[in-house]
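1. Quick check, what structure comes out for this input:
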Amino acid sequence: MAMIFDIKHFAVHDGPGIRTTVFLKGCPLKCIWCHNPEGISGACELAFSADKCMFCRKCEAVCENGVHLFADGQHKLIKENCTYCGKCEKACAASALTMYGRRVGVWDILPELLEDKDFYGEDGGVTLSGGECLIQADFCAELLAELKDRGIHTAVDTSGFVPKESIDRVLPYTDLFLYDIKAYDEEVHIKNTGHSNKLIFENLRYLDSIGKSVEIRIPLIPGRNDTQIEKIAEFLSQFKCITQVKILPYHKFAESKYRSLGMDVSLPEKIPSKEELEKAKNTFQLFEMNCK
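-> This is a model prediction of the structure:
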């Protein structure tokens, strides 16, 4: 069993071709620019978008635990009372309530993934993402094995901040690793994610030593890691396993999700310009790396 928070169909940014992406909950890193805040906690969460609420009080009517409180012209949630049954989300016609997280087994979602098989073509397939999907490595391995048995291309999107044993668990069933590198200098990585990058580099060296295909993905956040690009490029140029590097421009689309989850919104303000993106890409090309 695993805790997931979304299944995205016809994804085109989570590996080669057309893909179906399964998002698993829970992440050990605390990246200040995280665009999937609903994937940080490993537990089920009830999100509330106050600006969408029409005060119809249908959620209050179906809730048996007193989660929804209407008073003084406000709709407040007493989240400690929530059992995450999902009744209020289904009752809300305004889509002001969203339940992030459901516990599933492999066979609960495998039929849904197989429905998309005809669209994958030669390049597409299924990607496991998060959060950090390898926190739930046993589930990932079981699901990936079923997909490989059916001839489906598989990819694992990981921060690399997991025990080597978690990577070993999925290795036999993974065609491609989508591997995040956020900074080269350890102090910069700690400042922006809360943790060292030593384990991330160790696991990348391990994947290189066994010849696994790896696509590097680098989020570009001005004022946070943009000064790290040349160091990252020089470091990565030594690896033979890297098929390509992708620069992911930071955006602030997740602000509303932070608010709906009751989380502090402290996202970086500046987004990268086209010139900054091109400069980063050109840096990798100077090291003769395929960068998009």
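
2. what distance separates stretch 210-219 from the centre of its chain?
-> In terms of CA atoms, centre = their mean, to the nearest Å, the centre of stretch 210-219 is found 16 Å from the chain centre.

3. hey, where'd the strands end up in this structure?
-> Under the criterion DSSP state E, strands of the chain are mapped to 2-11, 19-24, 45-48, 68-71, 74-77, 97-100, 102-104, 125-129, 153-158, 176-180, 214-220, 242-249.

4. Please identify the most buried of these.
-> Per residue and on average, the most neighbours among the strands of the chain fall to strand 125-129, with a mean of 26 (mean count of other CB atoms under 10 Å). For glycine as for every other residue, the C-beta is placed from the backbone atoms N, C-alpha and C.

5. What strands line up against it, and which way round?
-> According to DSSP bridges, strand 125-129 forms sheet pairs with strand 19-24 (parallel), strand 153-158 (parallel).

6. Include mean pLDDT and distance to residue 214 when you put those into a markdown table, please.
-> Below are these laid out as a markdown table (pLDDT from 0 to 100; distance: least, CB to CB, whole Å):
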| stretch | mean pLDDT | distance to residue 214 |
| --- | --- | --- |
| strand 19-24 | 98 | 17 |
| strand 153-158 | 98 | 10 |
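
7. would you list those in CSV and tack on distance to residue 119?
-> CSV is the format used below for those (distance: least, CB to CB, whole Å):
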stretch, distance to residue 119
strand 19-24, 9
strand 153-158, 12
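
8. Of the strands of the chain, which is nearest residue 169?
-> Comparing these by their distance to residue 169 (CB to CB), the top pick is strand 153-158, with 10.4 Å.

9. If I take that closest one and strand 176-180, what angle do their directions form?
-> With axes from the mean of the first three to the mean of the last three CA atoms, to 10 degrees defining the directions, strand 153-158 sits at 20 degrees from strand 176-180.
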